[in-house]
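>>> structure, please.
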Amino acid sequence: MTETRVEPRSETMGLLAEGDNDAFAALVREYQPMMVRLAGRFVGCREDAEDAVQEAVLAAFQQRRRFRGECSFSTWLGRIAIYQALKLTKRRTREQDTRDSSDTETSAASAEDAVLVRAAVMGLPEKLRVPVVLRFYEGLDGEEIASLLGCKPSTVWTWLYRGLEKLRRELGEGDGR
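Next comes the predicted model:
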């Protein structure tokens, strides 16, 4: 009887370092749900998240030789997924700006509080939005966010503070709209 055994992650990482495409594919399959979840926090729907992840996997494959193990493979893939999701969001925002905005204004006026908060979060500048989403929608702590974004935890806390202050001002002023 032949036993099917999953390779230990360290062995798979060794194969990845040697340029083994099957090892890359195995790791991507393992971390794809995490990538879709992260990307989904920055885009409007699951289909867009999956599109962003597809682009992220392609980008990661093209850049796989650049992975040096300075962070975990999942962190590296997560960064790429976030970048691709933000890129997709920017592209969709530009497309939306070319359409009639009156429908958006009408639906925003009748939206629930959760929708207003999400819209306010999505309206934050990217460097403030990313840590806010990772902290409050993904539940990551400052160290995890810093690792994912490649910055110091103190920088993350500064961005979080500024993002939350901006949200408080915007949502507090929402009564006069």
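>>> where does the prediction get shaky in this structure?
1-18, 94-113, 173-177 (pLDDT under 70).
>>> count of neighbours near Gly150?
12 (other CB atoms under 10 Å). C-beta coordinates here come from the backbone N, C-alpha and C atoms, glycine included.
>>> swap in Ala120?
Using other CB under 10 Å: Ala120 sits among 19 other residues.
>>> what sits against it?
Ala120 is in contact with 167, 170-171, counting by CB atoms under 8 Å, 6 or more residues apart in numbering.
>>> what's the nearest residue to Gly142 if we skip its chain neighbours?
Ranked by CB to CB, 6 or more residues apart in numbering and with sequence neighbours excluded, the top spatial neighbour of Gly142 is Pro153, at 4.4 Å.
>>> actually Val132, sorry about that
Per CB to CB, 6+ apart, closest to Val132 is Gly163, 4.3 Å.
>>> got it, and Glu144?
In space, and not counting its chain neighbours, Glu144 is closest to Leu134: 7.7 Å by CB to CB, 6+ apart.
>>> from the contact counts, what lies against the strand or helix carrying that neighbour?
Assigned by DSSP states H and E, Leu134 falls within helix 126-136. Here helix 126-136 touches helix 73-97, helix 113-122, helix 142-149, helix 153-172, going by 3 or more CB pairs under 8 Å, 6 or more residues apart in numbering; DSSP states H and E.
>>> re earlier: burial of the residue nearest to Gly142, as a residue count?
Look at Pro153: counted by other CB under 10 Å, it has 14 neighbours.
>>> with Phe42 instead?
By the criterion of other CB under 10 Å, Phe42 has 26 neighbours.
>>> residues in contact with the residue nearest to it when sequence neighbours are not counted?
The shortest distance from Phe42 to any non-neighbouring residue, by CB to CB, 6+ apart, is to Ala85 (3.9 Å). Ala85 makes contacts with 38-43, 48-49, 52, 56, as judged by CB under 8 Å, 6+ apart.
>>> how about stretch 130-144: buried residues?
Buried residues in stretch 130-144, counted by 16 or more other CB atoms under 10 Å: 130-136, 138, 140, 142, 144.
>>> could you export those as JSON lines, including distance to Thr75?
Output for the buried residues of stretch 130-144, formatted as JSON lines (distance: CB to CB, whole Å):
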{"residue": "Val130", "distance to Thr75": "14"}
{"residue": "Pro131", "distance to Thr75": "15"}
{"residue": "Val132", "distance to Thr75": "19"}
{"residue": "Val133", "distance to Thr75": "16"}
{"residue": "Leu134", "distance to Thr75": "12"}
{"residue": "Arg135", "distance to Thr75": "16"}
{"residue": "Phe136", "distance to Thr75": "20"}
{"residue": "Glu138", "distance to Thr75": "13"}
{"residue": "Leu140", "distance to Thr75": "11"}
{"residue": "Gly142", "distance to Thr75": "15"}
{"residue": "Glu144", "distance to Thr75": "9"}
